[in-house]
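Visitor: Just need the structure, nothing else, for what follows:
(one chain, ligands or ions: 1)
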Amino acid sequence: MALTVGLRPLTRALLRPWARVPGAALGRPAAGSGDGVRCFGSPRVLVEPDPAAVGVAVMKMRNPPVNSLSLEFLTELLISLEKLENDKTFRGIIITSDCPGIFSAGLDLLEMYGRDPAHCAEYWKAVQELWLRVYLSNLVVIGAINGISPAGGCLLSLSCDYRVLANNPKYAIGLNETLLGIIAPFWFKDVLVNTIGHRAAERALQLGFLFPPSDALQVGIVDQVVPEDQVQSTARSVMAQWLAIPDHARQLTKNLVRKPTADRLLQQRDADIQNFVRFISRDSIQKSLHVYLEKLKQKKG
Ligand SMILES: CCCCC/C=C\CCCC/C=C/C(=O)SCCNC(=O)CCNC(=O)[C@H](O)C(C)(C)COP(=O)(O)OP(=O)(O)OC[C@H]1O[C@@H](n2cnc3c(N)ncnc32)[C@H](O)[C@@H]1OP(=O)(O)O
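Guide: Now for the predicted structure:
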């Protein structure tokens, strides 16, 4: 699926040939490079084969200060995921953050505030695409959640096959959209319902809950809570457990479980984009976003 089609020239320009060892295919050292630098990257996404786990890539999000999911960042994530999906040397991805204390601050509010309908439509298409790409990935995708993870960051985490969260009370996770005066779209809601159940999701969505780690574990929004310095090693050992299952059987099963949820969006992607553009363009919603952005600025004192 050519993901660069329809992207703005700037975005295409950002994704120039990757900085990688000449001749090094993903996951394999370049000829004559010894153990080689076997990674590829873009300005905001670093992908490194896990030196301790064959067939596993670690995807580090590095869009400082808060890994907010801007259009450029989404595009780089999508291209990295596509490369990994197409490289048969990889069977699993660990997604984590290189921004201290933050997994992802969610969708980039500046992509939705004061933007024209055409931009909002392009942005929302990329948001849909990232979710579909992660949620339906044939690879094992494990979230090594080493920071706070509100809204879009929570959606990214929920789309993984397994979630390991650092036991730091600041690292709350949840779909907090109502606190901003907006709402989570139906497919965000669907993934939360699938993960924590209908009643818990209904309450969490309406109240915009951001669950601290202990509550996140208890409600089931994450699968494991571990000390911060054990997040990556725990993700790696869980990955080994999942990769012990034959890929084809696991992939068919993942598809069996997840395709009905993904199909609900796939069958109405354009309508969803139009709904988003109409909703986000409302004066009342733009005002809510303005108030929220001002609060973020005032917070800094
Ligand atoms: C019927 C159809 C319905 C369709 C759907 C309707 C609506 C569409 C949207 C629905 C889904 C929305 C999903 C989302 O993800 S919305 C975003 C939600 N995110 C948040 O609420 C997090 C906001 N940020 C924070 O709470 C904090 O920044 C923090 C992540 C806890 C980090 O705090 P701290 O380390 O103190 O950093 P600062 O707050 O100082 O932030 C640093 C700079 O980054 C800017 N920032 C923060 N978050 C975002 C963001 N999400 N987008 C853009 N920019 C962000 C912040 O303003 C600071 O900027 P500055 O340095 O220039 O002041």
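Visitor: contacting residues for the residue in the chain positioned nearest to the ligand?
Guide: Here the residue of the chain nearest the ligand is Gly106; by Cβ to the nearest ligand atom that distance is 2.5 Å. For every residue, glycine as well, the C-beta is placed using N, CA and C. Listed by Cβ atoms under 8 Å, 6 or more residues apart in numbering, the contact set of Gly106 reads 68-69, 150-155.
Visitor: got the contact list for Leu243?
Guide: Residues near Leu243 by Cβ under 8 Å, 6+ apart: 55-56, 91-92, 140.
Visitor: no wait, Leu132
Guide: Counting by Cβ under 8 Å, 6+ apart, Leu132 makes contact with 262, 265-266.
Visitor: Tell me if the stretch of helix or strand it belongs to is near the ligand.
Guide: Using DSSP states H and E, the element containing Leu132 is helix 117-135. No. Counting by Cβ under 6 Å from any ligand atom, the ligand has no neighbours in helix 117-135; the shortest distance is 7.7 Å.
Visitor: just use 35 as the starting number from now, easier for me
Guide: Sure thing, new numbering starts at 35, so read that last one as helix 151-169.
Visitor: Could you export that helix as PDB, CA atoms only?
Guide: The C-alpha coordinates for helix 151-169 follow below in PDB (Å, rounded to 0.1, in the frame of the first residue of the first chain):
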ATOM      1  CA  PRO A 151     -11.100  21.300   6.300                       C
ATOM      2  CA  ALA A 152      -8.700  19.900   3.700                       C
ATOM      3  CA  HIS A 153      -5.800  19.700   6.200                       C
ATOM      4  CA  CYS A 154      -8.100  18.200   8.900                       C
ATOM      5  CA  ALA A 155      -9.200  15.500   6.400                       C
ATOM      6  CA  GLU A 156      -5.600  14.700   5.500                       C
ATOM      7  CA  TYR A 157      -4.700  14.500   9.100                       C
ATOM      8  CA  TRP A 158      -7.500  12.300  10.100                       C
ATOM      9  CA  LYS A 159      -6.800   9.900   7.300                       C
ATOM     10  CA  ALA A 160      -3.300   9.500   8.600                       C
ATOM     11  CA  VAL A 161      -4.700   8.900  12.200                       C
ATOM     12  CA  GLN A 162      -7.000   6.300  10.800                       C
ATOM     13  CA  GLU A 163      -4.100   4.700   8.900                       C
ATOM     14  CA  LEU A 164      -1.800   4.500  11.900                       C
ATOM     15  CA  TRP A 165      -4.500   2.800  14.000                       C
ATOM     16  CA  LEU A 166      -5.300   0.300  11.200                       C
ATOM     17  CA  ARG A 167      -1.600  -0.400  10.500                       C
ATOM     18  CA  VAL A 168      -0.800  -1.100  14.200                       C
ATOM     19  CA  TYR A 169      -4.100  -2.800  15.100                       C
END
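Visitor: quick one: buried residues of that helix?
Guide: Burial within helix 151-169, assessed by neighbour count using 16 or more other Cβ atoms under 10 Å, is assigned to 154-169.
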